[in-house]
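Novice: have a look; sequence and predicted model below, questions after that.
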Amino acid sequence: MSAPRPGPLPDVPPPPAPDPLPDPLRDPWVAPMRQALGEAARAPATGDVPVGAVVLSADGTVLGTGHNEREATGDPTAHAEVLALRAAARALQEEASRRGSPRTESGGDPGRDGGGRRTGEWRLTGCTLVVTLEPCTMCAGALVLSRVDRVVYGARDAKAGAAGSLWDVVRDRRLNHRPEVITGVLEAECAALLTTFFRDR
């Protein structure tokens with residue numbers, strides 16, 4: 001006598017997907033990158049490539065934002081990073097004016113007195129720029145000259161990236177300032193925004 005055939009197996013749900021491992025390097029920049037993505041989403045309304053940027057102070061306060069506006073303004077330099085840097089510098093100058101420039105934040109006289117800010121101060125020391133696409137050579141140069149401490153970007157730009165892909169302007173040892181670079185924050189979302197834009201053109 002043969003053994004009875006086993007009946008059908010009960011439906012067993014697949015095990016839940018494991019939570020992604022924490023990434024202490026990139027996780028702190030997810031929220032600001034979402035802000036940059038929000039900026040980027042505004043660009044296509046004027047036919048501009050969806051790139052967005054946010055400049056944060058050392059304590060995380062948003063000092064400036066920007067999205068590509070070359071088509072909107074007819075300005076070839078109106079990249080998201082440049083506009084965000086300009087806005088951040090204006091914000092710091094306005095803050096210094098409210099505090100009673102020309103004296104610095106640290107209470108000393110204008111000039112090099114340990115990093116205090118004054119009216120007309122263009123250095124973004126202590127700041128971080130978060131941008132959805134790897135900066136081009138123009139923007140990388142602006143980042144070095146503005147003295148930001150850190151550049152955080154989402155999608156790599158293999159054709160024109162100047163923060164590690166095609167060139168590495170921001171970390172060139174011949175320059176007098178080299179910001180830290182953090183890559184790949186929300187990379188898939190940043191890349192998808194660009195892919196959709198170019199596919200639909």
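Specialist: Good, I have the coordinates. Numbers count the residues shown, from 1 in each chain.

Novice: from now on I want contacts and neighbour counts done on CA atoms only, so please keep to that.
Specialist: OK.

Novice: quick check, central residue of the chain?
Specialist: Nearest to the mean C-alpha position of the chain, by Cα atoms, centre = their mean, lies residue 130 at 1.5 Å.

Novice: just the element for the closest residue to that one other than its chain neighbours, please.
Specialist: Leaving aside its chain neighbours, residue 130 sits nearest to residue 152 (4.6 Å; criterion: Cα to Cα, 6 or more residues apart in numbering). Secondary structure assignment for residue 152, by DSSP states H and E: strand 150-155.

Novice: the residue nearest to residue 130 and residue 15, how far apart?
Specialist: Distance of residue 152 to residue 15, computed by Cα to Cα, to the nearest Å: 35 Å.

Novice: got it, and residue 46?
Specialist: When distance is defined by Cα to Cα, residue 46 is 46 Å away from residue 15.

Novice: which one of those two has more residues nearby?
Specialist: Comparing residue 46 with residue 15 by other Cα atoms under 10 Å, the one with more neighbours is residue 46, at 13 against 6.

Novice: tell me which residues touch the more buried one, please.
Specialist: 69, 71, 72 (Cα atoms under 8 Å, 6 or more residues apart in numbering).

Novice: closest one to residue 124 out of those residues, please.
Specialist: residue 69 (22.2 Å; Cα to Cα).

Novice: touching, the closest one and residue 43? I think so.
Specialist: Yes - taking contacts as Cα atoms under 8 Å, residue 69 lies within contact range of residue 43: 6.8 Å.

Novice: okay, the angle between the one helix or strand residue 194 maps to and strand 150-155?
Specialist: Element membership for residue 194 (DSSP H and E) is helix 187-199. Put simply, helix 187-199 runs at 60 degrees to strand 150-155, going by axes from the mean of the first three to the mean of the last three Cα atoms, to 10 degrees.
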